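> just to be clear, the model below is a prediction. Sequence and coordinates:
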Amino acid sequence: MSQAQTAPDKELIRLADLEWLDLSDLIRMDDEWHRTLVLVSRLHLFVTVVLMVVVIAASYLTRPIVPAADSAAAGGLILCVAGMAYLILRAKGDEARMLQVLRPVVVLSIVAVSLMVFLLRELQGDYYLLYLLPLVSAAGYLGFTGGLLAGVVSAIAYAIVFFVSPVGFTPGALSALVLRALIFVLVASLLGLIAERHLSLLSALRASHMQAIHLAITDTKTGLFNQRFLQTRMRSEMARAERSKTPAAFLAIDVNGLEKINREYGYSAGDAVLQALGRIIQKQLRMTDVPSRWGVDEFGVFLYNCDAAGAEVVARRVAAELARESFTDPTTRHSFTATIAQGIAAFPTHTVDGTGAQLIDYAYQAMHRAKGSANGSIVIWSA
């Protein structure tokens, strides 16, 4: 057996295994927020491309002679949109990569909108509202700080466009510039604050829910899964083994004389034995195996794609490593060792029951036979 088993609160906990837990809609909302980032980014790109085509067409069709500055602005606009397309399409629908490139995408979008406003400067209209396109994207996915920075950058960009336009220095126009710049900053920061608070609440609720799941399926003393989780998991694992004609085994483990250890050395010493055995079991297993604490002094391990001989190898390794462990009475500092009895049953060698119930029963019968033998013994079930 290779590939050491990791703690259940890490890779082993898969939400798909929790058939008996109803996952909260809040978790799905959090996941959907990340998934919509790709859709919103592509929609942002599409709207920008459409606006670019309309603005360039309006700029060239409404004037017989196009100034050189407008031609340069149109070229810059095309380059900005091309850069946005490259970054968004390069992410290939991956939410994490999309989030990484969102900042340069927003900057390019602000520059593109500024160039559009410059090209439309001689036409009547509230074209400054085009800045809402990058501001909403920035605030929704970059939070308060991202929204605030996008608002400031938009205000600066709009001011630059304003001062190079023919209407630049009229008193009324200057007042409009200041007002619009404030609108950019306030709207973007407010939307960012709302989105950030919403997402932080979702993250906190998700973390609390995951902690509740962890507490519901694990044994807090050993860190292994609990009996209820293993029984639930075994139904699907046994069905898979039966369907694919793959062997499986169950290893039942009992700590010999745990009551005596608790009585003579204290419950903290008994807990130390259980915790050490839990670590040893995890270390000897694969990712496909499912370890659990089955009772006060009992452990159960489901071994997928493993026959009785393979389970016996695991059992011997667990027993040998525990034998090397030395425990100490915290009061008297007296040292002692612990031993275990182990029973093994295999599917389909010993039972063809697809539910796993008989497999567990046979393994426990074998374990009780081992307890009647020498300490540290291993018994494979037989009729």
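Okay, I see it.
> output the contacting helices and strands for the helix or strand where Arg235 lies.
Assigned by DSSP states H and E, Arg235 belongs to helix 227-244. Applying 3 or more C-beta pairs under 8 Å, 6 or more residues apart in numbering; DSSP states H and E, we find helix 227-244 packed against strand 248-255, strand 290-293, strand 298-304, strand 340-347. The way it works is simple: take the backbone N, C-alpha and C, and place the C-beta from them, glycine included.
> among those, which is nearest Gly266?
Taking C-beta to C-beta, strand 248-255 is the member of those nearest to Gly266, at 15.3 Å.
> run me through the strand neighbours of the closest one, direction for each.
Strand 248-255 has the following strand partners under DSSP bridges: strand 298-304 (antiparallel), strand 340-347 (antiparallel).
> got the ones you listed as CSV, with distance to Leu115 columns?
Putting these into CSV (distance: least, C-beta to C-beta, whole Å) gives the following:
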stretch, distance to Leu115
strand 298-304, 60
strand 340-347, 69
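> would you map the helices across the stretch 251-383 of the chain?
258-265, 267-284, 308-323, 357-371 (DSSP state H, counting those that start in this stretch).
> if we can go back for a sec, to Ala74, which of the strands paired with strand 248-255 lies closest?
strand 298-304 (63.4 Å).
> how far does the longest helix seen in the chain sit from the chain's center?
Among the segments of the chain that qualify as a helix by DSSP state H, the longest is helix 171-217. Offset of helix 171-217 from its chain centre (C-alpha atoms, centre = their mean, to the nearest Å): 22 Å.
> ok, now stretch 265-275?
For stretch 265-275, the distance to the chain centre is 35 Å (C-alpha atoms, centre = their mean).
> also stretch 335-354?
The answer for stretch 335-354 is 35 Å, by C-alpha atoms, centre = their mean.
> mind checking the end-to-end distance for it?
Stretch 335-354 has its terminal residues 45 Å apart, counting by C-alpha to C-alpha, to the nearest Å.
> so which bits of it are buried?
Within stretch 335-354, the residues scored as buried using 16 or more other C-beta atoms under 10 Å are 338, 340-348, 350-351, 353-354.
> what do you get for stretch 368-383?
Per 16+ other C-beta under 10 Å, stretch 368-383 contains these buried residues: 369-371, 376-381.
> and what of stretch 234-247?
For stretch 234-247, by 16+ other C-beta under 10 Å, it's 234, 237-238, 241-242, 247.
> let me know the closest of these to Leu322.
Closest to Leu322, out of all of the buried residues of stretch 234-247 and judged by C-beta to C-beta, is Met234, at 24.6 Å.
> any idea how far that closest one lies from Met287?
From Met234 over to Met287 the distance is 16 Å, taken as C-beta to C-beta, to the nearest Å.
> could you do Arg240 as well?
Separation of Arg240 from Met287 (C-beta to C-beta) stands at 15 Å.
> with Ser236 instead?
16 Å.
> reformat the helices and strands packed on helix 227-244 as TSV; add distance to Met98.
Below are the helices and strands packed on helix 227-244 laid out as TSV (distance: least, C-beta to C-beta, whole Å):
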stretch	distance to Met98
strand 248-255	42
strand 290-293	36
strand 298-304	37
strand 340-347	46
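> so which of the ones you listed gets nearest His209?
The minimum distance between His209 and the helices and strands packed on helix 227-244 falls on strand 290-293, with 22.1 Å, by C-beta to C-beta.
> and that closest one, which strands flank it?
Assessed with DSSP bridges, strand 290-293 is paired to strand 225-226 (parallel), strand 298-304 (antiparallel).
> flag every buried residue along that strand.
For strand 290-293, by 16+ other C-beta under 10 Å, it's 290-293.
> need the contact partners of stretch 138-148.
Residues outside stretch 138-148 that contact it (C-beta atoms under 8 Å, 6 or more residues apart in numbering): 37, 40, 99, 102-103, 106, 135, 149-150, 185, 187-196, 199.
> how about stretch 362-375?
With C-beta under 8 Å, 6+ apart as the criterion, stretch 362-375 contacts 250-254, 256, 298, 300, 339, 341-345, 350-351, 377-381.
> can you list the domains in this protein?
8-213, 225-380 (automatic domain parsing).
> tell me which of these is the most buried.
domain 225-380 (a mean of 19; mean count of other C-beta atoms under 10 Å).
> how about the helices in the stretch 1-150 of the chain?
So, for the stretch 1-150 of the chain - with DSSP H, counting those that start in this stretch - the helices run 25-61, 68-90, 95-119, 132-163.
> export the second one as PDB, just CAs?
Output in PDB follows, covering the C-alpha atoms of helix 68-90 (Å, rounded to 0.1, in the frame of the first residue of the first chain):
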ATOM      1  CA  ALA A  68      -5.800  62.800 -37.700                       C
ATOM      2  CA  ALA A  69      -6.500  62.800 -33.900                       C
ATOM      3  CA  ASP A  70      -9.700  60.900 -34.500                       C
ATOM      4  CA  SER A  71      -8.000  58.400 -36.700                       C
ATOM      5  CA  ALA A  72      -5.400  57.800 -34.000                       C
ATOM      6  CA  ALA A  73      -8.200  57.500 -31.400                       C
ATOM      7  CA  ALA A  74     -10.000  55.000 -33.500                       C
ATOM      8  CA  GLY A  75      -6.800  53.000 -33.900                       C
ATOM      9  CA  GLY A  76      -6.200  53.100 -30.200                       C
ATOM     10  CA  LEU A  77      -9.800  52.000 -29.500                       C
ATOM     11  CA  ILE A  78      -9.300  49.000 -31.800                       C
ATOM     12  CA  LEU A  79      -6.100  48.000 -30.000                       C
ATOM     13  CA  CYS A  80      -7.700  48.300 -26.600                       C
ATOM     14  CA  VAL A  81     -10.600  46.100 -27.600                       C
ATOM     15  CA  ALA A  82      -8.300  43.600 -29.200                       C
ATOM     16  CA  GLY A  83      -6.300  43.500 -25.900                       C
ATOM     17  CA  MET A  84      -9.500  42.900 -23.900                       C
ATOM     18  CA  ALA A  85     -10.400  40.100 -26.300                       C
ATOM     19  CA  TYR A  86      -7.000  38.500 -26.000                       C
ATOM     20  CA  LEU A  87      -7.100  38.500 -22.200                       C
ATOM     21  CA  ILE A  88     -10.700  37.300 -21.800                       C
ATOM     22  CA  LEU A  89     -10.500  34.600 -24.500                       C
ATOM     23  CA  ARG A  90      -7.000  33.500 -23.200                       C
END
